[in-house]
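# Can you look at this prediction? I've put the sequence above it.
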Amino acid sequence: MDSQNDESAPAANQESALKSFISGGIGGACLVLVGHPLDLVKVRIQTGGGGGAGTFSILQSTFAREGVAGLYRGVSAPIVAIAPVFAVCFWGYDIGQRVVRSISSNANSSPTEPLTITELSVAGALSAIPTTVIMAPSERIKCLLQVQANEIANGGVAKYSSMRDCAVQVYKEGGLRSIFKGSFATLLRDVPGSAAYFGVYEWMKREIIKMQGTESGQLSPIAVLTAGGLAGMANWIVSIPPDVLKSRFQTSAPGRYNGLYDVFKDLVREEGYSGLFRGLRPALIRAFPANAACFFGMELSRSLLTFMD
């Protein structure tokens, strides 16, 4: 793939890190609004709350039982966290490119020389490191609220009354250690996932530019949506096994597992290796529209913030 980047890659301008931060946050908000209902389904399937039902069956039953509010159960945690998470993610990607450029012999020390796809993928992997600080506690709370919705539907009693109440109770149970439970699993998921995410997006953009025969690097909205959607799918194809382990670990009772490897052994023993891919279908169905919206929102806001360069 690296051979694609000399003639077809547009010149890379040294953009403002703040611009990357703001546009990433806007993209993240777009992603949550489009993708949350299918993310809810994914978590329910992964944690055993789907009762063996399929993706669209769970969506239908959730809507029939709880309405639109049910489809957005637990959305407060990601909507509060995802905007800053994606702001940090795209900021981290910008910083990652600068780090890669500073140690790369291929960039010829020029800030406008395009990086290779491999180098951009490495920059994407680096972006996962700062985002985990925000992502891990947000995912912990989101998963607990979504699993609680399953229990309530089956006649159980609500333990948490809100996102804030959930965070307070989790903190009381085990302090910051409990809040950040699953951080390593989040990092294990997001480092390779982010490499695939940004690598595929940049590769698709370059391929579309070649097909369109443009030299300016300006893509149509359909092209951005397509590249973003496929990038999101690539992310989840790589990320789903550690995401399954993360969801189970973060929603488990205190003391049930000694660590992530314990979750892995328990899952494989009960369900086989196929259990590692639980929730892949709703994740992929969600990934295309959600990440198409994310990159579209990011690119649109970035084009409106050119004065910040």
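It's in.

# where does this structure dip in pLDDT?
Applying pLDDT under 70 to the chain flags residues 1-15, 43, 46-54, 74, 77, 81, 105-112, 215-217, 309.

# need the longest helix for it.
For the chain, the longest helix by residue count, based on DSSP state H, is helix 117-153.

# Flag every buried residue along that helix.
For helix 117-153, the neighbour count (16 or more other Cβ atoms under 10 Å) marks 117-128, 130-132, 134-150, 153 as buried. (Each C-beta comes from the backbone N, C-alpha and C, glycine too.)

# And residue 99, which helix or strand is it part of?
Secondary-structure assignment from DSSP states H and E places residue 99 in helix 76-103.

# now residue 214
Using DSSP H and E, no helix or strand contains residue 214.

# Run a quick neighbour tally on it.
Counted by other Cβ atoms under 10 Å, the residues lying close to residue 214 total 14.

# again with residue 114
Other residues lying near residue 114 total 22 when counted by other Cβ under 10 Å.

# What of residue 305?
By the measure other Cβ under 10 Å, the count of residues near residue 305 is 17.

# Double-check it against residue 22; I have them as touching.
Yes. At 6.4 Å, residue 305 counts as touching residue 22 under the criterion of Cβ atoms under 8 Å.

# Which neighbours do the two have in common?
Between them, residue 305 and residue 22 share no contacting residue under Cβ atoms under 8 Å, 6 or more residues apart in numbering.

# What residues sit buried inside stretch 62-74?
Buried residues in stretch 62-74 (16+ other Cβ under 10 Å): 62, 70, 71, 72, 73, 74.

# Turn the residues you listed into CSV, including distance to residue 187 and secondary structure.
Below are the buried residues of stretch 62-74 laid out as CSV (distance: Cβ to Cβ, whole Å; DSSP: H, G, I helix; E, B strand; the rest coil):
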residue, distance to residue 187, secondary structure
62, 30, helix
70, 31, helix
71, 29, helix
72, 27, coil
73, 26, coil
74, 22, coil
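
# which residues sit in contact with residue 286?
Under the criterion of Cβ under 8 Å, 6+ apart, the contact partners of residue 286 comprise 35, 37, 38, 39, 41, 42.

# Secondary structure element holding the last one?
Right, residue 42. Counting by DSSP H and E, the element that carries residue 42 is helix 17-46.
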